[in-house]
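Undergrad: Please work out how this folds:
(chains A and B)
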Amino acid sequence: MLKGKVALVTGSSRGIGRAIALRLAQEGADVVVNYFRRREAAEQTARDIEKLGVTAKVIRANVGDQEKLNEMFDTIASSFGRLDIFVSNAASGLPRSALDLDARVWEWTMDINARAFLLGAQRAAGLMEGRGGKIVAITSLGSKLVWPGYTAIGVSKATLEALVRYLAVELAPRDICVNAVSASFVPTEAGLAYAVGGGEEGEDASWRTTPAGRIVSPEDIAGVVAFLCSSDAFMIRGQVVTIDGGFSLASLSPKGKGGEN
Amino acid sequence: MSAAEETIKDIIVKIVHCDREILTSESTFQDMKADSLDMVQVLVALEDEFGIEIPDEEAQKFKNFGDFVSFVEARVAEKK
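TA: Take a look at the predicted model:
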């Protein structure tokens, strides 16, 4: 389905990014595996991709650093001469309540989670010139729901989703489809470190309130990303597709004091 | 004092903005007044400088400056 296409998946050494990279490779795409901290895991992902009979290229870059982000796109341009699919998945953040969120943590989170998508999409659009392409951002329900300590990430994801809409309209005349995939809690290494309530408790809490009866897996997300990268999804533009097994429809309401404060 | 230790001190002072004099083997992150973002940035800078990988689960075990130095020196030695 994606044979001959070149895809970049940021943050694809592990977790959701790795699942997306492998799925796009299964569909026939050559994949650029971007990582920041986990070199060994990134190299393993690349080996697993190459077992599928396509090309993998590993590039280290902190996407929150504009210079490094640009160097990554320069390398893609010189190695492949093109890009067909850009999946903005890399994310970071530190647990802080809104009142404890200082400017440094705000900038770190926004730079990696939101600004990297804007700057990356600008570079990706250049490499898609004349052929069209697909851009997918990975977001989370924290853009709308409030989770303890998730302030900066939630706000960065809301920014990301708004950017998806603006880019979708602006890039539509170039046949570039821009969308986002949003998920509830996914039990990856990063997800577990951040889980509501912490660790297995968070996983358990999400599972209990998910109507579909299980929590979302990285492969669930990868499947929808692959669909959004297919020609069948050509008319889907600027949408945030939620993958949560119904979690956001059935969440328990927070308890207040009924106005007695 | 090793060359690696001096370089690690340079990196910590630059990122955490603490006094170089307080950095001894026993100095804790509380002594440095370093928060979790400082620590992430120090780890990344060390990885870049020494061309090594410092997994978060290993970094979480570091209690003081000496632990940083020992880990980095061990990884650098493995590379040679």
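
Undergrad: Quick check: which element contains the most centrally placed residue in chain B?
TA: Closest residue to the average C-alpha location of chain B: residue B:68 at 4.3 Å, with Cα atoms, centre = their mean. Secondary structure assignment for residue B:68, by DSSP states H and E: helix B:65-79.

Undergrad: Quick check: residues of chain B near chain A?
TA: Within chain B, the positions near chain A by Cβ under 8 Å from any Cβ of the partner chain are B:36-37, B:40, B:43-44, B:47, B:53, B:55-56. The way it works is simple: take the backbone N, C-alpha and C, and place the C-beta from them, glycine included.

Undergrad: any chance of these in JSON lines, plus secondary structure?
TA: Written out in JSON lines, the entries for the residues of chain B next to chain A read as follows (DSSP: H, G, I helix; E, B strand; the rest coil):
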{"residue": "B:36", "secondary structure": "helix"}
{"residue": "B:37", "secondary structure": "helix"}
{"residue": "B:40", "secondary structure": "helix"}
{"residue": "B:43", "secondary structure": "helix"}
{"residue": "B:44", "secondary structure": "helix"}
{"residue": "B:47", "secondary structure": "helix"}
{"residue": "B:53", "secondary structure": "coil"}
{"residue": "B:55", "secondary structure": "coil"}
{"residue": "B:56", "secondary structure": "helix"}
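
Undergrad: Of the residues you listed - the most surrounded one?
TA: residue B:43 (21 neighbours; other Cβ atoms under 10 Å in any protein chain shown).

Undergrad: Other residues contacting the longest helix belonging to chain A?
TA: For chain A, the helix with the greatest residue count under DSSP state H is helix A:151-171. Residues from elsewhere that reach helix A:151-171 (Cβ atoms under 8 Å, 6 or more residues apart in numbering or on different chains): A:88, A:91, A:93-94, A:96-98, A:101, A:105-106, A:109-110, A:112-114, A:117-118, A:121, A:125, A:135, A:137, A:139-140, A:142-147, A:177-180, A:182, A:194, A:237-240.

Undergrad: Narrow those to those in strands?
TA: Counting by DSSP state E, the part of the contacts of helix A:151-171 found in strands is A:88, A:135, A:137, A:139-140, A:177-180, A:182, A:240.

Undergrad: Going through these, which ones are buried?
TA: Listed as buried from the ones in strands among the contacts of helix A:151-171 are A:88, A:135, A:137, A:139-140, A:177-180, A:182, A:240; burial here means 16 or more other Cβ atoms under 10 Å in any protein chain shown.

Undergrad: Which members of the residues you listed are the farthest-apart pair?
TA: Farthest pair in those (Cβ to Cβ) is A:140 and A:177. Separation: 20.9 Å.

Undergrad: Spell out which parts of chain A neighbour chain B.
TA: A:36-40, A:62, A:92, A:94, A:104-105, A:108.
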